[in-house]
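Asker: I need the structure of the sequence given here:
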Amino acid sequence: MQVAILTGGLATRLGDLAKDRPKSMVKVRGRPFLEFQLEFLKRAGVEDVVLCTGYLGRQIESYFGDGRGHGVNMVYSLEDRPLGTAGALKNAAKLLEDPFFTMYGDSYVKLDFRDVLNRFKSRTRLALMTVYRNRDRYDRSNTGVEGDLVTRYSKAEKADDLVYIDYGVNLFRKRVLDMIPPFGSQALEGLFPQLIARRELLAYRVEERFYEIGSPQGLREFEELAGGGVR
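Answerer: So this is what the prediction gives:
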């Protein structure tokens, strides 16, 4: 299994905590956050990791190298200008397998990656989004689900049918990259509605909450989790 971790974004909400480092390198109990992600991915059976890096991305490569010291094989795709989360995947196309997972560099999720992959391979859809029945608890809910399909996605609207939130892990067949423009910046948020319109975005429901370090509150919550021993 292969996971592309999207680490190119700016950590604007973390202020001085990330002024000289990418979010993935923000320290949690003395260790870079990315270490916690890699440890979980290794336990989940993920062998290969593609780091899509941007802002201060060389720091990540200098620290983690080829990933062998952390039990995974790591390669890097460095963007020389902001490309957005979808653009970063397009930039890394030559490194990506078919299919490939994606996750964000500031999120920690507890997920059975093997089960997600098996579910996906049993269907013919182009993509899969993991979703959590959030009901605006941890952030504004942005996803509507009917049956096994994602039917709506919007970070701008507040509607009764948007009771799920995207959990932060997606799975794509490689030909999805053909839907991403070759130039300019595009986020995954712009790709999801296209997949929904084609009825090509599967939903995989997750029961356990996610954690994120993109905000001071989220960082504090993950530090508490890490203090109790992350599993």
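Asker: The biggest strand by length in the chain: what's the following helix or strand?
Answerer: Counting by DSSP state E, the longest strand found in the chain is strand 164-172. Note on strand 164-172: by DSSP states H and E, the next helix or strand toward the C-terminus is helix 188-197.
Asker: returning to that earlier point: now do the longest strand of the chain: which elements does it pack against?
Answerer: Strand 164-172 makes packing contacts with strand 100-104, helix 113-121, strand 127-133, strand 143-146, strand 201-206 when contacts are defined by 3 or more Cβ pairs under 8 Å, 6 or more residues apart in numbering; DSSP states H and E. Backbone N, C-alpha and C define where each C-beta goes, glycine included.
Asker: which parts of the helix or strand hosting Glu223 are buried?
Answerer: For Glu223, the host element (DSSP H and E) is helix 216-227. Neighbour-count burial for helix 216-227, counted by 16 or more other Cβ atoms under 10 Å, picks out Gly218, Leu219, Glu221, Phe222, Ala226.
Asker: Now do that helix: distance to the chain's middle.
Answerer: When C-alpha coordinates are averaged (Cα atoms, centre = their mean, to the nearest Å), helix 216-227 and its chain have centres 18 Å apart.
Asker: Return the per-residue confidence for Val176.
Answerer: Listed pLDDT for Val176 reads 97.
Asker: right, I mislabeled it, should have said Val230
Answerer: Reported pLDDT for Val230: 57.
Asker: got it, and Ile180?
Answerer: Reading off the model, Ile180 has pLDDT 95.
Asker: wait, is Val50 part of a helix?
Answerer: No: assessed with DSSP: H, G, I helix; E, B strand; the rest coil, Val50 is strand; it does not lie in a helix.
Asker: Sketch out the low-pLDDT regions of this protein for me.
Answerer: 9-19, 135-139, 228-231 (pLDDT under 70).
Asker: How much space separates the residue sitting furthest away from the middle of it from Leu111?
Answerer: The C-alpha centroid of the chain is most remote from Asp160, which lies 25.6 Å away (Cα atoms, centre = their mean). Noted for Asp160: a distance of 27 Å to Leu111, by Cβ to Cβ, to the nearest Å.
Asker: what's the helix holding Glu223 packed up against?
Answerer: Using 3+ Cβ pairs under 8 Å, 6+ apart as the test, helix 216-227 ends up in contact with strand 27-28, helix 33-43, strand 211-212.
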